[in-house]
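Asker: Starting from these lines, generate the structure:
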Amino acid sequence: MLTMVHNNPARVGNGMLRVDRKFHVGMQNYAAHVQTPLTTIHPEMAPGQPIMDPIEVSCSELSYRVITLKTDAKWRLLPSESLRLREEISRSSLIYGSGLGSSKIARELGVPYILILEYDLQTKMVSETSEIKGIRRNLRRARCVWHHVTENIPEIRRAHSLHCNGYPIYDATRRYNANSLLYFDSRMLTDMIISPEDLARRLRTRTERPFRMLFSGRYERMKGTADAVRVAVECIRRGLNIEMDFYGQGNLRDEMINLAARSSRPGCIRIHDPVPYTELIKICKSFDLFVCCHIQSDPSCTYLESFGAGLPIVGYANRMWRRLSEASGAGFASPIGQPERVADDIERLLSAPDLMSTMSEKARGFAARHCFELEAQKRIDALNIALS
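Answerer: Next up, the predicted model:
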């Protein structure tokens with residue numbers, strides 16, 4: 001039996017499973033192609049807990065078995081539930097993932113495990129301390145380093161293999177475990193990717209209207225949303241015929257609105273609430289460019305999902321985007337904290353229609369080569385090898 005242990009919350013009740021849509025689609029695909037029965041284990045979803053794209057499906061229609069375990073307010077398993085998890089792991093041939101402390105139990109029981117990794121140490125420290133100052137920040141960073149050395153590295157070394165989401169964690173962990181797979185996580189299914197005809201039509205009409213720029217995601221410091229507004233303000237200051245729309249939510253919203261109001265054409269910078277994912281995918285296809293001033297080097301789904309709409313990306317050279325921009329040829333990476341350099345790249349694209357078209361086509365092509373189905377199949381193939 002293959003057991004996947006996730007931190008994705010789920011709820012089972014009245015014969016129905018409530019879970020993230022992307023997760024369910026993925027698990028249906030895994031269950032159809034792995035060579036052993038599949039069980040997934042989740043923390044139990046709290047009443048009213050929001051998830052990004054929920055779906056409810058009948059448990060009788062599932063091709064995989066679902067177990068939910070109760071946790072406390074800090075997402076730690078209750079003692080009785082830890083015993084249940086241990087029992088499930090003891091009956092498994094392979095553990096996939098490390099949610100709920102499962103890899104430690106697997107090591108104790110001698111059950112092989114494959115880790116799914118996303119954040120390297122540097123990204124983790126930035127994430128843990130971004131809103132903390134002074135002594136508390138230094139203590140939190142020290143705790144991250146200590147946990148990495150004493151827990152993460154031994155866990156990585158003893159794993160059967162690693163599945164690494166994005167370049168930073170892939171580069172950081174290969175020294176400890178050479179059996180590593182690089183993949184790119186996103187929700188971009190093949191049929192969501194902009195068609196070549198629609199992309200060509202958009203590129204033909206680009207000069208007949210303002211250049212449309214986009215940001216979607218959390219309005220938080222690590223996502224660089226205030227700097228993305230500054231990029232748009234700088235483009236307008238230079239007299240570039242641009243518009244920019246933001247879709248999301250977060251604690252920087254008021255600051256973003258105030259920054260946009262300082263522009264000589266404030267109506268060209270619009271701050272929106274979030275929209276459902278399927279609607280956002282459609283909206284993205286009407287834009288020309290994604291502005292991504294992420295400070296954090298996390299493997300955001302934003303990259304592949306923007307590419308799927310045929311959008312080149314200009315933004316900050318965090319470790320993820322710097323590597324991805326080189327691999328895809330679908331955008332520019334500028335020094336972090338310098339929005340005027342991002343505006344330089346936008347001005348360059350506006351003055352070079354052929355380059356804009358080439359990068360748009362490369363964005364679409366990269367998304368097609370790394371769509372949800374193909375990335376999932378890479379991981380399924382690796383799991384079947386491990387199970388054999």
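Asker: Ala31 - how many residues pack around it?
Answerer: By other C-beta atoms under 10 Å, 18 other residues sit near Ala31. For glycine as for every other residue, the C-beta is placed from the backbone atoms N, C-alpha and C.
Asker: Contact partners for it?
Answerer: By C-beta atoms under 8 Å, 6 or more residues apart in numbering, Ala31 lies in contact with Leu38, Ser63, Tyr64.
Asker: Return the subset of those lying in helices.
Answerer: Among the contacts of Ala31, none falls in helices (DSSP state H).
Asker: who wins for neighbours among these?
Answerer: Of those, with other C-beta under 10 Å as the count, Leu38 tops at 22 neighbours.
Asker: so what pLDDT did that one get?
Answerer: What the model reports for Leu38 is a pLDDT of 97.
Asker: about what we covered before: tabulate the contacts of Ala31 (a markdown table), appending distance to Glu108.
Answerer: A markdown table is the format used below for these (distance: C-beta to C-beta, whole Å):
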| residue | distance to Glu108 |
| --- | --- |
| Leu38 | 23 |
| Ser63 | 30 |
| Tyr64 | 25 |
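Asker: Sort out for me which of these are in strands.
Answerer: Among the contacts of Ala31, DSSP state E puts Leu38 in strands.
Asker: Domain ranges for this structure, per the record?
Answerer: Domain segmentation of the chain under automatic domain parsing yields 2-186+372-387, 190-369.
Asker: Comparing those, which comes out most buried?
Answerer: domain 190-369 (a mean of 19; mean count of other C-beta atoms under 10 Å).
Asker: Endpoint to endpoint, that one covers what distance?
Answerer: End-to-end distance for domain 190-369: 9 Å, by C-alpha to C-alpha, to the nearest Å.
Asker: now stretch 207-214
Answerer: 17 Å.
Asker: which residues are contacting it?
Answerer: Residues contacting stretch 207-214 (C-beta under 8 Å, 6+ apart): 232, 235, 240-247, 268, 283-284, 286-291, 306, 311, 346, 350, 353.
Asker: can you map out the helices along the stretch 51-200 of the chain?
Answerer: With DSSP state H, counting those that start in this stretch, the ranges of helices along the stretch 51-200 of the chain come out as 79-90, 102-109, 121-129, 134-147, 153-158, 167-173, 196-204.
Asker: Bridge partners for the nearest residue to Arg84 once chain neighbours are set aside, pull those for me.
Answerer: Distances taken as C-beta to C-beta, 6 or more residues apart in numbering put Leu69 closest to Arg84, at 6.3 Å, once the chain neighbours are dropped. Judged by DSSP bridges, the bridge partners of Leu69 are Pro43.
Asker: How about the contacts made by Leu69?
Answerer: Ile41, His42, Pro43, Glu44, Leu77, Leu78, Glu81, Arg84, Leu85, Leu100.
Asker: which non-adjacent residue is nearest Ala382?
Answerer: Leu181 is the one closest to Ala382 (C-beta to C-beta, 6+ apart), at 5.4 Å.
Asker: check contacts around the one you found.
Answerer: Ser161, Leu162, His163, Cys164, Lys378, Arg379, Ala382.
Asker: Poorly predicted segments of the stretch 151-300 of the chain, please.
Answerer: Counting by pLDDT under 70, the stretch 151-300 of the chain shows no low-confidence range.
Asker: What segments of it are strands?
Answerer: Ranges of strands in the stretch 151-300 of the chain, per DSSP state E, counting those that start in this stretch, are 161-165, 180-183, 211-218, 242-249, 269-272, 289-292.
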